[in-house]
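Undergrad: The amino acid sequence is not available; the structure is as follows:
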């Protein structure tokens, strides 16, 4: 019995170099997959925080599972915040970049610009639905951005 096991093991070991000589099936020239893929990311039009001005030109329509980057710019005309707790819970935030400082938060409710500045947010849209980003205590539709995740 030991002799048969040793013989089988010897045959298997002898076959390994022959298998290794075949074309390398591991390298098919594929790049990164999923959310890391360049084909699965998109830059969104910027959001502008300015007193009495619309946040964006049009509502945003996002696709669940896609990685997005968006710039949020405040012109300094007024101290303004941007809220959207429901939206921020429907996405996974990869990073927030402010003047070269990269922040990787577990979550966010809102943020506020006390003066002019720019921040970039990278995120993955996750939960389908209709959401809003808005300037708190503002009236009307100008300072509200409707976002749909499909």
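TA: Received, thanks. As the structure is a prediction and not an experimental result, all values here were calculated from the model.
Undergrad: alpha carbons only for contacts and neighbour counts from here, please
TA: Noted.
Undergrad: List the residue ranges of this structure that fall below the pLDDT cut-off.
TA: 1-38 (pLDDT under 70).
Undergrad: for it, what spans make up the helices?
TA: In the chain, helices defined by DSSP state H lie at 2-21, 85-89, listed in chain order.
Undergrad: residues touching the spatially most central residue of the chain, list them.
TA: Central residue of the chain (C-alpha atoms, centre = their mean): residue 123, 2.5 Å from the mean position. Remark: with contacts taken as C-alpha atoms under 8 Å, 6 or more residues apart in numbering, residue 123 is in contact with 67-69, 91-95.
Undergrad: ditto for residue 115
TA: Going by C-alpha under 8 Å, 6+ apart, residue 115 touches 74-79.
Undergrad: please redo it, this time with the cut-off set to 6 Å
TA: Going by C-alpha atoms under 6 Å, 6 or more residues apart in numbering, residue 115 touches residue 76.
Undergrad: For residue 44, see how far away it is.
TA: Between residue 115 and residue 44 the computed distance is 23 Å (C-alpha to C-alpha, to the nearest Å).
Undergrad: go on, residue 144?
TA: Distance, residue 144 to residue 44, using C-alpha to C-alpha: 16 Å.
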